[in-house]
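>>> Generate a structure from the sequence data that follows.
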Amino acid sequence: MRQFGLILLVAFKLASDHSHGSTASVAVDSNYKFSKLPSSSVSSIAFGLSEPGWNGVSSTASCAIETTTKCLRSRGFIYNQLSRQCIPVLWLHEGSGGTAVGVGELHSLPGEFYVNDKIIGACGDGFEAVEYGSERRFCCLVELTSSVTYDDATQQCNNLGGYLATVKTVEKLQMVINIAQGKSFWVGMDDLAQEGMHRWQENGELLTADVQAAVFKTNEPNNDYGVEDCIQYRGSHFNLNDIHCWATMRALCESQPLSADIC
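Next comes the predicted model:
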């Protein structure tokens, strides 16, 4: 994986937001372009703040440099033009260390919030951070491009340190639709242990009625012919469906984001 510990500033691309008198975006290199965001565009995933960050930072651009060179997993930063304080911001997932901060608290802090247009260092080797939905959530995915059975797909995902992907929301389903481009994929749910008790591979949770209504085809899963125990994303219908487990198709593997260490 590419490391960014020795990033040198080559050029800045600044766009001025004249109506607010502040920088709308700042780019350090092709991997680090930060855009200012309103609270309505920010993920509900908890944040970690590297308090107190750095004081005496002269500009938004300088804050971007500090963030990219000293806090490689940072998802963005808060910069206060008056106090010249620069605070790196990290995504956290449930159970990771650091100080968890909600969206409301984050935006009550003085300063402007900037988020990286790419998600750097958030996923384990082989997985790509994919952003989705109106709240800019993300998940770590890798696509298995060979056609395999459900069991083989499960094993391959496990070997990579993940599991077959979880798809519980309309927004995440739309992300899968965009990735699939009409193809079908295994996702991580089955009722192999007990008929009619569909569980997600990720955490063993049972399928709920709300999730079923949101992401499955009408009247699915239905265990047609008594042999449909595994769940696919069905590319021709743009939703989830149960099917026999020995069918072969591509698969989407998912893994938990890495814990975001406080800088």
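>>> Roughly how far does the residue nearest to Val227 when sequence neighbours are not counted sit from Gly188?
Ranked by CB to CB, 6 or more residues apart in numbering and with sequence neighbours excluded, the top spatial neighbour of Val227 is His244, at 4.8 Å. C-beta coordinates here come from the backbone N, C-alpha and C atoms, glycine included. Distance, His244 to Gly188, by CB to CB, to the nearest Å: 17 Å.
>>> The two: which has the busier surroundings?
Gly188 (25 against 15; other CB atoms under 10 Å).
>>> Correct me if wrong: that one contacts Gly162.
No. In this structure, Gly188 is not within contact of Gly162 by CB atoms under 8 Å, at 9.1 Å.
>>> okay, and the common contacts of those two?
Glu254 (CB atoms under 8 Å, 6 or more residues apart in numbering).
>>> Quick check, the residue nearest to Val227 in contact with Gln232.
No. Counting by CB under 8 Å, His244 does not reach Gln232; the two are 10.0 Å apart.
>>> what helix or strand does Thr69 sit in?
Under the criterion of DSSP states H and E, Thr69 resides in helix 60-70.
>>> Show the average pLDDT along whichever helix or strand comes after that helix.
Downstream of helix 60-70, the first helix or strand assigned by DSSP H and E is strand 76-80. Across strand 76-80, pLDDT averages out at 87.
>>> Kindly export strand 76-80 (C-alpha atoms) in CSV.
Only the C-alpha atoms of strand 76-80 are listed here, as CSV (Å, rounded to 0.1, in the frame of the first residue of the first chain):
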residue,chain,number,x,y,z
GLY,A,76,-10.5,15.7,7.3
PHE,A,77,-9.9,18.6,9.6
ILE,A,78,-11.5,21.5,11.4
TYR,A,79,-9.7,24.9,10.8
ASN,A,80,-10.5,28.0,12.8
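>>> right, and the helix or strand after it?
Defined by DSSP H and E, the subsequent element after strand 76-80 is strand 85-91.
>>> Show me what that next one is packed against.
If contacts are counted by 3 or more CB pairs under 8 Å, 6 or more residues apart in numbering; DSSP states H and E, strand 85-91 sits against strand 47-49, helix 60-70, strand 76-80.
>>> for these, which one sits closest to Gln181?
Nearest of the helices and strands packed on strand 85-91 to Gln181, taken as CB to CB: strand 76-80 at 30.1 Å.
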